[in-house]
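1. Structure for this input, please:
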Amino acid sequence: MIQPTIEEVNANGLSFEVHVAGDPASDRLALLLHGFPEHAYSWRHQLPLFAKLGYRVWAPNQRGYGKSSKPKGVASYGIDELVADVAALIDASGARSVTLVGHDWGGLVAWEFAARRARPLERLVILNVPHPARFREELASNPVQRRRSRYAAFFQLPWLPEWFFRRKGAAAIEAAFRGMAIDKCRFPDDVLDVYKQNVLQPGGITAMLNWYRAAGRGFGSLGTDAIIETPALLIWGEEDSALGKETTFGTERYVKELTVRYLPGVSHWVQQEAPEAVNRILEEWLGERT
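-> Numbering: from 1, shown residues only. Below is the predicted model:
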């Protein structure tokens, strides 16, 4: 596997640790946004693919993660700031064509970024997170999804979630990945160690949880009704125990040109658990639009 280089990129007044692959002179940027409780490392299987396809690939540790800046306070992790980070990273890249890819929380930021048209996008790829407007609709009408999402209410509490994630050497991280995964062999100890160290570093888990805390305070601001004009691909592992498949139904109301690909027998951690299938879908879909 091609090993990415790691660079520091200054954007939006912060420092971002960015995993980089591909031709540095390419004007085609693939910007890959990770989720919770992950890390840029979660894109290790996709970085070589995008590089092979001729992209310059950036997978940043978003604010609060890895060695990226960890600004203080819940307000620093609101959706406006997260979208501004993506815009500033694109500006810093100097790229003229951008494909934005997001999983979980990174996908939520990517949906918002595209809906707000913060910067022009050529393509949008979302993995296992519903469009925020659809998610709000589902929470309002579906008690099963409300039960699945109760963990987010726990994250609103002070200090207790931090204790939970740090205890026993971040054992909860192992439980999150292996517990949710269908193919548990995709998460050996060395992979889980990356995520555990992410949580255990000073200030790490508080910054990561502050994404949820900020969202809890401003949830009504998510999910604009603006139609996304960017051609979009939604990849969904059907065995997601946190987000039901039904949250994807009706997404076409918010996206002008939408392609959906479901992967049976695959969990929420879709690009890590089924990288071969995900990469085939990506290569085919991107190739159709080259």
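
2. For the strand or helix carrying Phe16, C-alpha coordinates in PDB please.
-> Phe16 belongs to strand 14-22 when assigned by DSSP states H and E. Taking C-alpha atoms only, strand 14-22 is exported to PDB below (Å, rounded to 0.1, in the frame of the first residue of the first chain):
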ATOM      1  CA  LEU A  14      -5.600  26.700  12.500                       C
ATOM      2  CA  SER A  15      -3.000  24.100  11.800                       C
ATOM      3  CA  PHE A  16      -4.100  20.900  10.100                       C
ATOM      4  CA  GLU A  17      -2.300  17.600  10.000                       C
ATOM      5  CA  VAL A  18      -2.900  16.400   6.500                       C
ATOM      6  CA  HIS A  19      -2.300  12.900   5.000                       C
ATOM      7  CA  VAL A  20      -1.200  13.600   1.400                       C
ATOM      8  CA  ALA A  21      -0.900  11.400  -1.700                       C
ATOM      9  CA  GLY A  22      -0.900  11.700  -5.500                       C
END
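
3. Could you pull up phi and psi at Leu29?
-> phi -100, psi 130 (degrees, to the nearest 10).

4. ok, so what distance separates Ile281 from Gln46?
-> 11 Å (CB to CB, to the nearest Å). Quick note: C-beta positions are derived from backbone N, CA and C, even for glycine.

5. For the stretch 51-200 of the chain, which segments are assigned as helices?
-> Secondary structure of the stretch 51-200 of the chain by DSSP state H, counting those that start in this stretch: the helices cover 79-93, 105-116, 132-141, 143-148, 150-154, 160-180, 189-200.

6. Make JSON lines from the ones you listed and add mean neighbour count and distance to Tyr55 to it.
-> Conversion of the helices of the stretch 51-200 of the chain to JSON lines gives the following (neighbours: other CB atoms under 10 Å; distance: least, CB to CB, whole Å):
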{"stretch": "helix 79-93", "mean neighbour count": "19", "distance to Tyr55": "11"}
{"stretch": "helix 105-116", "mean neighbour count": "25", "distance to Tyr55": "16"}
{"stretch": "helix 132-141", "mean neighbour count": "17", "distance to Tyr55": "26"}
{"stretch": "helix 143-148", "mean neighbour count": "13", "distance to Tyr55": "34"}
{"stretch": "helix 150-154", "mean neighbour count": "11", "distance to Tyr55": "33"}
{"stretch": "helix 160-180", "mean neighbour count": "16", "distance to Tyr55": "27"}
{"stretch": "helix 189-200", "mean neighbour count": "16", "distance to Tyr55": "23"}
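
7. centroid residue for this structure?
-> Gly106 (2.4 Å; CA atoms, centre = their mean).

8. how many other residues sit next to the closest residue to that residue other than its chain neighbours?
-> Once flanking residues are discounted, Gly106 sits nearest to Leu33: 2.9 Å by CB to CB, 6 or more residues apart in numbering. Neighbourhood size, Leu33 [other CB atoms under 10 Å]: 30.

9. you'd agree Leu33 is up against Gln62?
-> Yes. Assessed by CB atoms under 8 Å, Leu33 is found in contact with Gln62 at 6.4 Å.

10. Name the residues contacting each of the two.
-> Contact criterion CB atoms under 8 Å, 6 or more residues apart in numbering; residues shared by Leu33 and Gln62: 105-106, 109.

11. nearest to Arg167, of those residues?
-> Nearest to Arg167 among those: Trp105, at 22.7 Å, using CB to CB.

12. what does the helix or strand of the chain with the lowest mean pLDDT contact?
-> Between all helices and strands in the chain, the lowest mean by mean pLDDT, DSSP states H and E belongs to helix 132-141, at a mean of 94. Outside helix 132-141, the residues that touch it by CB under 8 Å, 6+ apart are 108, 111-112, 129-130, 145-146, 149, 219, 222-225, 243-244, 246-251, 254.

13. separation between Ala153 and Pro60?
-> From Ala153 to Pro60 the distance is 28 Å (CB to CB).

14. Run the angle between the least confident helix or strand of the chain and helix 105-116 for me.
-> 110 degrees (axes from the mean of the first three to the mean of the last three CA atoms, to 10 degrees).

15. re earlier: who's more crowded, Ile281 and Gln46?
-> Applying other CB under 10 Å to Ile281 and Gln46 shows that Gln46 carries more neighbours, namely 24 against 18.
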